[in-house]
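Trainee: generate coordinates for the sequence data below:
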Amino acid sequence: MSYISVIGAGSWGTTLAHLLSDKGYEVTLWAHEKHLAEEMHASRVNSIYLPDVRLPDDLKVTGSIEDAVKKARYVVSAVPAQYTRSVFTEAIPHMIDEAILISVSKGIEKGTLLTVSSILKELTARRVAALSGPSFAKEVIRKLPAAVTIAAEDSNTGVSLQEIFNTNSFRVYTHDDILGVELGGALKNVMAVAAGISDSLGFGNNARASLITRGLVEMTRLGVAMGAKAKTFSGLSGIGDLVLTCTSPLSRNYTVGIKLGQGLKLRDILSQTQSVAEGVETAASAFELSKKYAIEMPIIEQVYLVLHEEKDPFSAAKDLMDRSLKSEFYG
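Mentor: Predicted coordinates:
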């Protein structure tokens, strides 16, 4: 059974559906917006998220969640983290018992502080995996070289999914640390906001490199406290994705940071885009997690204050630099 369902027709979901359909799998892409599903079915173009890309003729598009998942052996979750619970509460009753769920979203749910795979495990006993790494949709869909990692609960599932997603331009590695892979993908979005602010304020390359390095420390510190493996954060889903999103305007979160540094208000920034910047909500969840696990995360804290307490970005940067002096490595 090679039928695959991709839930979520944003840029990343559409890209993965395109990639899998090109490999010859029977793929259905589900779009939340009924008008978008109808338009994509008729025109073979996702005019909102990937207007310059024609979808394969064999790729099915639907606005019905039941039709999308009812015979899928593999179900890819590409909806934003904050909508995962509601979408899959509706989808799971229609799935076959053998379905395997693969999370490709990067965020932490508000309130519960759960990663996407943890949300899915709350909702179903089916096997769950997570795919993450440095992978801008606009480059992957152009078949530019990229490498990611897929973490699964058992090695057989991991190897099977590796073979399904791997192409000659999209290299997939296996891993067994689902939590670490997801935390890296989620937390790097918050660091990307910080990097955007720094660049917008004209702080230069030294500041960005320092943010990336110390951001990785914070990500690893929290991950280990939550039960993830430290080495995961030195891999593709950690430092790899962190470097990518902290250095490119293709990153939605980096762009949010740029605009915050220019003095724009968050509500105005978010109203100007249809794409979801996961780092905005994840900053609040990460800040709560730092308190829950008593982990020092000064960059996360300052990004949270800028995003959700309207702290002046320059003052946030000053407070980071004026902290008490410390050893680089401790504990």
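Trainee: now do the strands in the protein.
Mentor: If DSSP state E is used as the criterion, the strands of the chain fall at 4-7, 27-30, 45-46, 50-54, 60-62, 74-77, 100-103, 128-132, 146-152, 170-175.
Trainee: roughly how far does the residue nearest to residue 313 when sequence neighbours are not counted sit from residue 266?
Mentor: Nearest non-adjacent residue to residue 313, counting by C-beta to C-beta, 6 or more residues apart in numbering: residue 197, 4.8 Å away. (C-beta placed from N, C-alpha, C; glycine too.) Computed as C-beta to C-beta, to the nearest Å, the residue 197 to residue 266 distance reads 12 Å.
Trainee: between the two, who's got more neighbours?
Mentor: More crowded of residue 197 and residue 266, by other C-beta atoms under 10 Å: residue 197, with 28 against 16.
Trainee: next up, the contacts around residue 208.
Mentor: Applying C-beta atoms under 8 Å, 6 or more residues apart in numbering to residue 208 gives the contacts 195, 198-199, 246-247.
Trainee: returning to what we had before: what touches both of residue 197 and residue 266?
Mentor: Contact with both residue 197 and residue 266 is made by residues residue 260, according to C-beta under 8 Å, 6+ apart.
Trainee: neighbours of residue 60, how many?
Mentor: By other C-beta under 10 Å, 18 other residues sit near residue 60.
Trainee: please name the nearest non-neighbouring residue to residue 54.
Mentor: With sequence-adjacent residues excluded and distances taken as C-beta to C-beta, 6+ apart, residue 54 is closest to residue 44, at 5.4 Å.
Trainee: surely the one you found meets residue 57?
Mentor: Yes. At 6.9 Å, residue 44 and residue 57 qualify as touching, with contact defined as C-beta atoms under 8 Å.
Trainee: residues contacting residue 178?
Mentor: For residue 178, the contacting residues are 117, 128-130, 151-153, by C-beta under 8 Å, 6+ apart.
Trainee: one more time with 10 Å
Mentor: 103, 115-118, 121, 128-130, 132, 150-153, 158, 228, 232 (C-beta atoms under 10 Å, 6 or more residues apart in numbering).
Trainee: follow-up on the earlier one: show me the contacts for the residue nearest to residue 313.
Mentor: Counting by C-beta under 10 Å, 6+ apart, residue 197 touches 203, 207, 211, 254, 256-262, 302-303, 306-307, 313-314, 316-317.
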